[in-house]
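Enquirer: need a 3D model of the following:
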Amino acid sequence: MLKKVLFSSVLILTFIACSDQKQEQTQKEAPALPVEIVIIKERNIPIWMPYTGKTQASSSQEVRARVQGILEEIYYKDGDFVKKGQKLFKIEQADYIANLNTAKAKKRRNLATLRLAQADVNRYKPLVKDGLAPRVTLEQYEAQVATVEADISSDNASIKQAELELSYTVIKAPIDGQASRRLVDIGNLVGKNEATILTTINNNNPMYAYFSPSEEDFQKIKKFKDREVMEAYITFNYESELLKDMSKLGFVDFSDNTVDPGTSTISMRAEIPNEDNSVFPGTFVHVNIFVTQRFSLIGIPPEVIFEDQRGKFVYVVSEQNTAHKKYIKPVYDSRFFTLLKKGSLDDGDKVVITGLLRLRENQPLKATDMTATKGIDAVIKDNKLIPELPEKKN
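Expert: Down below sits the predicted model:
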């Protein structure tokens, strides 16, 4: 009986040994998986905090009719770029010219009356002095002079008002910018009972991009920012090859002084040069705010990070050229890279960036170094993450 047990045990051990040898042989014979890697190096990485935002014209003016009348002329075409002071509309002027002429005629009549009253005063002064005329008559003429002078002052005010109303019949552009379509046509009555809106002009250069970081983010920005004027640039959610790389560089020029109680966010604004008028108001954009680059950190592509029960990890190439899990501690995520806590990875670690779905622990790898074109320095350069603050125009 003992011999049979020993014989069975030997058979089992032999079978297990053979299985292990076959498994080991299979692993040794498995072809190496070709992958691309980037070599890790700790460095000062510029940190940009991304937000979604919406563009708004730096100045938007409604052009209104300030006097009543029939619209007689339109001097621009819908969508034209106009200059401040340029004529846009003309309201029929006949009634306002007549009012001005009436006011001027009344002033001329009062001036004639004034001359006569002053002549009477000048004539009676010596007579009263010599006792040849009663003083009360002189005082009556002097009062008449004062009354006519007051009437002339009123005439001057009426003339100015009439001139002002006449000037309102020619509506001019209040700012430089692009005019929208006209909202009235020639022959329409405008300005009756209200200041009719004729068109709207938007000044899109510079362009504003409003965004709302959380109160916590705002405090981080305030604490860690490198300089008083923070760089900002906007990108667009375009999918076409022609437009997807379009971006505009500017700077943050405003932050609000209150927290929105409904969202716990603070409104901020980036000013973006827009000389070519390629950005329109109302566009949803990505607003990227430069905060700092004074901290030495490790950066990796966000798409190479996996997670299991132990936490987040990446695959690195071991000294035996096999895949090896290395657990990490991210401290900041963006669309461009993930920054890691010191000690997560070491300088010289080879992080696998392709073939990720086929990777397994201890899998043989054939690595190609792509650090020059896909490493953190290349990401910073390709996405224009190097701070370049443009000059602010006065």
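Enquirer: tell me where the stretch 151-300 of the chain has strands.
Expert: Using DSSP state E, counting those that start in this stretch, the strands found in the stretch 151-300 of the chain span residues 170-172, 177-179, 189-190, 197-211, 231-236, 247-255, 268-272, 284-292, 296-300.
Enquirer: what's the first one packed up against?
Expert: Right, the one you point to is strand 170-172. On a contact count with 3 or more CB pairs under 8 Å, 6 or more residues apart in numbering; DSSP states H and E, strand 170-172 meets strand 87-91. Using the backbone N, CA and C atoms, a C-beta is placed for each residue, glycine as well.
Enquirer: hmm, 10 Å instead?
Expert: Under the contact definition 3 or more CB pairs under 10 Å, 6 or more residues apart in numbering; DSSP states H and E, strand 170-172 sits against strand 47-64, strand 69-74, strand 87-91.
Enquirer: need the residues that contact it.
Expert: Outside strand 170-172, the residues that touch it by CB atoms under 10 Å, 6 or more residues apart in numbering are 63-67, 71-75, 82-91, 93, 190, 198-199.
Enquirer: whichever of those residues end up buried, select them in PyMOL.
Expert: A single PyMOL command is used to select the members of the contacts of strand 170-172 judged buried by 16 or more other CB atoms under 10 Å:
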select buried, resi 63+64+65+67+71+74+82+88+89+90+91+93+190+198+199
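Enquirer: where in the stretch 251-394 of the chain is pLDDT low?
Expert: 388-394 (pLDDT under 70).
Enquirer: again, only this time at 50
Expert: Scanning the stretch 251-394 of the chain for pLDDT under 50 picks out the ranges 393-394.
Enquirer: quick one, helices of it?
Expert: 371-374, 376-382 (DSSP state H, counting those that start in this stretch).
Enquirer: go through stretch 368-384 and flag the buried ones.
Expert: 370-371, 374-377, 379-380, 383.
Enquirer: just send the residues you listed back as TSV, with distance to residue 262 too.
Expert: Shown next, in TSV, are the buried residues of stretch 368-384 (distance: CB to CB, whole Å):
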residue	distance to residue 262
370	46
371	46
374	42
375	42
376	38
377	42
379	36
380	36
383	33
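Enquirer: stretch 70-84: end-to-end distance?
Expert: Start-to-end span of stretch 70-84 (CA to CA, to the nearest Å) is 24 Å.
Enquirer: and the strands of the stretch 151-300 of the chain: which comes nearest residue 104?
Expert: strand 170-172 (19.6 Å; CB to CB).
Enquirer: which segments of this protein make up each domain?
Expert: Per the record, the chain has its domains at 31-43+296-394, 49-58+202-292, 93-168, by automatic domain parsing.
Enquirer: so what's the closest residue to residue 224 other than its chain neighbours bridging to?
Expert: Excluding its sequence neighbours, the residue lying closest to residue 224 (CB to CB, 6 or more residues apart in numbering) is residue 292, at 4.9 Å. Applying DSSP bridges to residue 292 gives these bridge partners: residue 47.
Enquirer: wait, isn't residue 292 in contact with residue 222?
Expert: No: using CB atoms under 10 Å, residue 292 is not in contact with residue 222, being 11.5 Å away.
Enquirer: what's near enough to touch residue 151?
Expert: Contacts of residue 151 by CB under 10 Å, 6+ apart are 106-107, 109-111, 113-114.
Enquirer: that one and residue 124, how far apart?
Expert: Per CB to CB, to the nearest Å, residue 151 is found 21 Å from residue 124.
Enquirer: same thing with residue 260?
Expert: Applying CB to CB to residue 260 and residue 124 gives a distance of 77 Å.
Enquirer: the more surrounded of those two?
Expert: residue 124 (20 against 12; other CB atoms under 10 Å).
Enquirer: can you give me the strands in the stretch 1-150 of the chain?
Expert: Using DSSP E, counting those that start in this stretch, strands in the stretch 1-150 of the chain cover 33-39, 43-44, 47-64, 69-74, 81-82, 87-91.
Enquirer: show me the residue sitting in the middle of this protein in space.
Expert: residue 209 (1.2 Å; CA atoms, centre = their mean).
Enquirer: columns distance to residue 181 on top of the domains of the chain, output as CSV?
Expert: Below are the domains of the chain laid out as CSV (distance: least, CB to CB, whole Å):
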stretch, distance to residue 181
domain 31-43+296-394, 29
domain 49-58+202-292, 12
domain 93-168, 22
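Enquirer: minimum distance to residue 178: which of those domains has it?
Expert: Of all the domains of the chain, domain 49-58+202-292 sits nearest to residue 178, with 5.6 Å by CB to CB.
Enquirer: tell me how far that closest one is from the chain's mean position?
Expert: Relative to its chain's centre, domain 49-58+202-292 lies at 4 Å (CA atoms, centre = their mean, to the nearest Å).
Enquirer: what's the first-to-last distance across that domain?
Expert: Domain 49-58+202-292: ends 10 Å apart by CA to CA.
Enquirer: renumber starting at 7 from here on
Expert: In the new numbering, first residue 7, that becomes domain 55-64+208-298.
Enquirer: quick revisit: need the buried ones from the contacts of residue 157 selected in PyMOL.
Expert: Selection of buried members from the contacts of residue 157 for PyMOL, criterion 16+ other CB under 10 Å:
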select buried, resi 112+113+116+119+120
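Enquirer: sorry, back to before: make TSV from the helices of the stretch 257-400 of the chain and add distance to residue 181 to it.
Expert: As requested, these are arranged in TSV below (distance: least, CB to CB, whole Å):
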stretch	distance to residue 181
helix 377-380	47
helix 382-388	38
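Enquirer: closest to residue 252 out of the ones you listed?
Expert: helix 382-388 (14.5 Å).
Enquirer: name the helices or strands packed onto the closest one?
Expert: When contacts are defined as 3+ CB pairs under 10 Å, 6+ apart, helix 382-388 packs onto strand 39-45, strand 49-50, strand 302-306, helix 377-380.
Enquirer: mind exporting the C-alpha coordinates of it to PDB?
Expert: The C-alpha trace of helix 382-388 is given here as PDB (Å, rounded to 0.1, in the frame of the first residue of the first chain):
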ATOM      1  CA  ILE A 382       6.200  65.500 -21.800                       C
ATOM      2  CA  ASP A 383       8.500  68.100 -23.600                       C
ATOM      3  CA  ALA A 384       6.900  67.300 -26.900                       C
ATOM      4  CA  VAL A 385       3.400  67.600 -25.400                       C
ATOM      5  CA  ILE A 386       4.300  71.000 -24.000                       C
ATOM      6  CA  LYS A 387       5.700  72.200 -27.300                       C
ATOM      7  CA  ASP A 388       3.000  70.700 -29.600                       C
END
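Enquirer: lovely, talk soon.
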